[in-house]
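Trainee: Kindly generate the corresponding structure for this input.
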Amino acid sequence: MRGVKKDNYLIRDSFKKMTFREKVDYIITYYKFPIITAIIAAAVLISTVVNRLNRKEPVLYTAFANVVIGETLHEQLTDEYLRYAGKTAKQGITVYEGLYISDDPATVDHQIAYASKLKLLGAVNTRQLDVVLMNKEAYDLFSSSGFLCNLDELLKKDQQLYHEISDLIQLNSVILDDNAVEYSLGEADEYISETEDIKNGLDVSSAALLKDAGFPDTIYLGIIENSIHKEEAVNYIRYLFQFE
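Mentor: Just a heads-up that it's a prediction; the model follows:
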């Protein structure tokens, strides 16, 4: 123990006698890795704190499936809605864009469709998806999968809004049960399914904010069944049609 103390004393004494440059060289030579580790740890901590301070609370999660929007419309469907709804600077809308989904085996974009499907399933399962704007193909897939809520029932809670847009609510099929797995494995001769028709989509092509956007096809809106922001989603519909 005395030897260790003596060695430490000699090191400190030698360090005091070094020039500034020699001290820097000594520190870099013998303490380089601890210093680098400390710098990285500090950078990670600062980055985490900054991200938390700047992170916005999502008031709505929206997705555009098989639909492409421009910058102007994106601004109208996000920041301008937040102003319309009187949200604070700490609140925001999370948007999933560039999603393409299809059950057509002939489609050339297999990887994009697969990745989009995984992203959407993950968002639905974690309850981080509320509103979907989509074309007819995507609407049929969302509906058959049972992801969409009954809009006829939901919108009736806002009688004024329901009166204005009830004729735009769409009926679509929901698969309650089927033998898709057995059929795909060749264990069944034909595909059989039990379905139910539900009013789970809204034709928003004529909505004030969308009618002049130049979409080539009819645009549908759906609200996810397990959404935790359904009241906000209804207000979003009111905003799209510019109803006061």
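
Trainee: Quick check: Glu153 is in a strand.
Mentor: No - secondary structure assignment places Glu153 outside any strand; it is helix (DSSP: H, G, I helix; E, B strand; the rest coil).

Trainee: Give the buried residues for the helix or strand harbouring Thr72.
Mentor: Remark: Thr72 resides in helix 71-77, with elements defined by DSSP states H and E. Taking 16 or more other C-beta atoms under 10 Å as the neighbour-count basis, helix 71-77 is seen to contain the buried residues 73, 76-77. Heads up, the C-betas are built off the backbone N, CA and C, glycines and all.

Trainee: Repeat that for stretch 228-244.
Mentor: Residues 229-230, 232-241 are the ones in stretch 228-244 that count as buried (16+ other C-beta under 10 Å).

Trainee: contacting residues around stretch 188-201?
Mentor: 139, 143-144, 148-152, 169-180, 182-183, 220-222 (C-beta atoms under 8 Å, 6 or more residues apart in numbering).

Trainee: Just the buried residues of those.
Mentor: With neighbours counted by 16+ other C-beta under 10 Å, these contain buried members at 139, 143-144, 148-149, 151-152, 169-170, 172, 174, 220-222.

Trainee: Would you reformat the residues you listed as JSON lines and include secondary structure?
Mentor: Formatted as JSON lines, the buried ones among the contacts of stretch 188-201 follow (three-state DSSP):
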{"residue": "Tyr139", "secondary structure": "helix"}
{"residue": "Ser143", "secondary structure": "helix"}
{"residue": "Ser144", "secondary structure": "helix"}
{"residue": "Leu148", "secondary structure": "strand"}
{"residue": "Cys149", "secondary structure": "coil"}
{"residue": "Leu151", "secondary structure": "helix"}
{"residue": "Asp152", "secondary structure": "helix"}
{"residue": "Ile169", "secondary structure": "strand"}
{"residue": "Gln170", "secondary structure": "strand"}
{"residue": "Asn172", "secondary structure": "strand"}
{"residue": "Val174", "secondary structure": "strand"}
{"residue": "Tyr220", "secondary structure": "strand"}
{"residue": "Leu221", "secondary structure": "strand"}
{"residue": "Gly222", "secondary structure": "strand"}
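
Trainee: Let me see the contact set for the one residue sitting closest to the centre of the chain.
Mentor: Among the residues of the chain, Tyr96 comes closest to the average C-alpha position under C-alpha atoms, centre = their mean, at 4.6 Å. Each residue near Tyr96 by C-beta under 8 Å, 6+ apart is listed here: 61-64, 119-120, 123, 129.

Trainee: what are the ranges of the helices in this structure?
Mentor: Ranges of helices within the chain are 2-17, 20-54, 71-77, 79-84, 110-125, 136-144, 151-155, 159-165, 180-184, 230-240, based on DSSP state H.

Trainee: what's Arg232 in contact with, if anything?
Mentor: Check again: residue 232 is Glu, not Arg. Residues in contact with Glu232 (C-beta under 8 Å, 6+ apart) are 59-60, 85, 130.

Trainee: quick one: which of those is nearest Ser102?
Mentor: Within these, the smallest distance to Ser102 is 22.7 Å, found for Asp130 (C-beta to C-beta).

Trainee: Quick check: the farthest pair among the contacts of Tyr96?
Mentor: Thr62 and Lys119 (13.4 Å).

Trainee: higher neighbour count, these two?
Mentor: Taking other C-beta atoms under 10 Å, Thr62 and Lys119 do not tie; Thr62 has more neighbours (21 against 16).

Trainee: thinking that one is in contact with Leu99, fair?
Mentor: No - counting by C-beta atoms under 8 Å, no contact exists between Thr62 and Leu99, whose distance comes to 10.9 Å.

Trainee: Find residues that contact each of these two.
Mentor: When contacts are counted by C-beta under 8 Å, 6+ apart, the set common to Thr62 and Leu99 is empty.

Trainee: That concludes my questions; thank you for your assistance.
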